[in-house]
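A.B. asks: build me a structure from this.
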Amino acid sequence: MASFTYDIEIPSPIPAAKMYKAVVLDADTLIPKIMPQAIKNVEILEGDGGVGTVKLIHFGEGSQYKSVKHRVDAIDTENLTHSYSIVEGDALMGGLESITYHVKIVPTEDGGCICKNRSIYHAKDGFKLSEEKIKEGKEKGMAMFKAIEAYLQANPEA
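C.D. replies: You can find the predicted model right below:
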């Protein structure tokens, strides 16, 4: 099985703890609220939100995919890190075993943060992941992050 890794860093003026809360802790309700075309809803199939929790994510009308199963692999609210894997669903394109994401929100000196995201695609033997699909994934991730950032700026009490 081959793996493909890409890293992305997105700066934000939002304080790190506030961004982490929105991107990780509140994402299941926040993203469907601000981007229903991307994610329609999230249901917990097993677990309490912590490590080992399995969620079923239903994508919105604007997505080419229907749903995925997402497993929480690690969550550390003190160090602002979160790891999860897509373990089932049409977003695996029939050729991926899973996709693992490692997210770290790092505070910056100016009071904002940098969202560091590492994505690891675990491909089945013989599956070739196109640069176009990787670029598409990066763009969708950035758009979601920027939508959350815009929401937090417009709703400072959130």
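
A.B. asks: how about residue 111, phi and psi?
C.D. replies: Note on residue 111: its backbone torsions stand at phi 90, psi -10 [degrees, to the nearest 10].

A.B. asks: OK, contacts around the closest residue in space to residue 46 that isn't next to it in sequence?
C.D. replies: Computed as Cβ to Cβ, 6 or more residues apart in numbering, the closest residue to residue 46 that is not its neighbour in sequence is residue 54, at 4.8 Å. C-betas here are computed from N, CA, C, even on glycine. With contacts defined as Cβ atoms under 8 Å, 6 or more residues apart in numbering, the neighbours of residue 54 are 44, 45, 46, 47, 69, 70, 71, 72, 87.

A.B. asks: ok, residue 54 to residue 43 distance?
C.D. replies: Residue 54 is 10 Å from residue 43, where distance means Cβ to Cβ, to the nearest Å.

A.B. asks: please apply the same query to residue 107.
C.D. replies: Relative to residue 43, and taking Cβ to Cβ, residue 107 is found at 32 Å.

A.B. asks: just residue 150 next, same as before
C.D. replies: When Cβ to Cβ is the yardstick, residue 150 and residue 43 sit 26 Å from each other.

A.B. asks: what do you get for residue 148?
C.D. replies: From residue 148 across to residue 43, the span is 20 Å (Cβ to Cβ).

A.B. asks: neighbour count winner among those two?
C.D. replies: Each of residue 148 and residue 43 had its neighbours counted (other Cβ atoms under 10 Å), and the higher figure belongs to residue 148 (23 against 11).

A.B. asks: chain center to the lengthiest helix in the chain: distance?
C.D. replies: Looking across the chain with DSSP state H, the single longest helix is helix 131-154. A distance of 9 Å separates the centroid of the chain from that of helix 131-154, by Cα atoms, centre = their mean, to the nearest Å.

A.B. asks: packing partners for that helix?
C.D. replies: Helix 131-154 is packed against strand 2-12, helix 16-20, helix 27-34, strand 113-123, with contacts defined by 3 or more Cβ pairs under 8 Å, 6 or more residues apart in numbering; DSSP states H and E.

A.B. asks: save those as JSON lines, and put in mean pLDDT and mean neighbour count too.
C.D. replies: As requested, the helices and strands packed on helix 131-154 are exported to JSON lines (pLDDT from 0 to 100; neighbours: other Cβ atoms under 10 Å):
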{"stretch": "strand 2-12", "mean pLDDT": "93", "mean neighbour count": "14"}
{"stretch": "helix 16-20", "mean pLDDT": "98", "mean neighbour count": "19"}
{"stretch": "helix 27-34", "mean pLDDT": "96", "mean neighbour count": "17"}
{"stretch": "strand 113-123", "mean pLDDT": "96", "mean neighbour count": "19"}
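
A.B. asks: lovely, talk soon.
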